[in-house]
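Student: Below is the sequence, then the predicted model.
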Amino acid sequence: QVQLVESGGGLVQAGGSLRLSCAASGRFFSINAMGWYRQAPGKQRELVAAITSGGETNYADSVKGRFTISRDNAKNTVYLQMNSLKPEDTAVYYCNAKMRSRWSDPREYDYWGQGTQVTVSS
């Protein structure tokens, strides 16, 4: 049973910062890409940032220069440092991990965290 546990959400004023964390636990062979998605009320879930096991990163245009994704492979943890937050960043943020369950199985499976609320007041 794989679990992704997120922490770090909350309420912050515009211009402030928050740091999200997501730790993976359970039985799996490897974690490939990890990422953060968000979903605002009435909108579709969208990719915020992603990072490969080798450290390559990808960001949504709306967060470039403000958010930084990183990971600690030894701790199976991914982080999202969010600076210069704007009211439009308000959403539920979800952690995602693409994992292989066994060495003998090359298939990759998607796992999701439960979501953490980020609210930015103006």
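Tutor: Okay, I see it.
Student: Counting neighbours, what do you get for residue 87?
Tutor: 11 (other CB atoms under 10 Å). In this view, the C-beta of every residue, glycine as well, is placed from N, C-alpha and C.
Student: That one against residue 121, yeah?
Tutor: Yes. Counting by CB atoms under 8 Å, residue 87 touches residue 121, with 7.0 Å between them.
Student: so the residue nearest in space to the middle of the chain bridges to which residues?
Tutor: Centroid-nearest residue in the chain: residue 36, 2.5 Å away (criterion: CA atoms, centre = their mean). Residue 36 has these beta-bridge partners by DSSP bridges: residue 49, residue 95.
Student: joint contacts of residue 87 and residue 121?
Tutor: Common neighbours of residue 87 and residue 121, counting by CB atoms under 8 Å, 6 or more residues apart in numbering, are residue 14.
Student: what residues are up against the residue nearest to the centre of the chain?
Tutor: Residue 36 touches 20, 22, 47-50, 69, 78, 80, 93-96, counting by CB under 8 Å, 6+ apart.
Student: same check, this time on residue 98
Tutor: Counting by CB under 8 Å, 6+ apart, residue 98 makes contact with 31, 32, 33, 34, 108, 109, 110, 111.
Student: Neighbour-wise, give me the winner out of those.
Tutor: Counting neighbours by other CB under 10 Å, the top entry in the contacts of residue 98 is residue 34, with 27 neighbours.
Student: tell me the SS of that one?
Tutor: With DSSP: H, G, I helix; E, B strand; the rest coil as the basis, residue 34 sits in strand.
Student: Would you agree it is in contact with residue 73?
Tutor: No. Assessed by CB under 8 Å, residue 34 is found out of contact with residue 73, at 9.6 Å.
Student: so is the residue of the chain most remote from its centre in a helix, a strand, or just coil?
Tutor: Relative to the centre of the chain, and counting by CA atoms, centre = their mean, the farthest-placed residue is residue 104 at 27.4 Å. With three-state DSSP as the basis, residue 104 sits in coil.
Student: what's the distance between it and residue 29?
Tutor: Per CB to CB, to the nearest Å, residue 104 is found 9 Å from residue 29.
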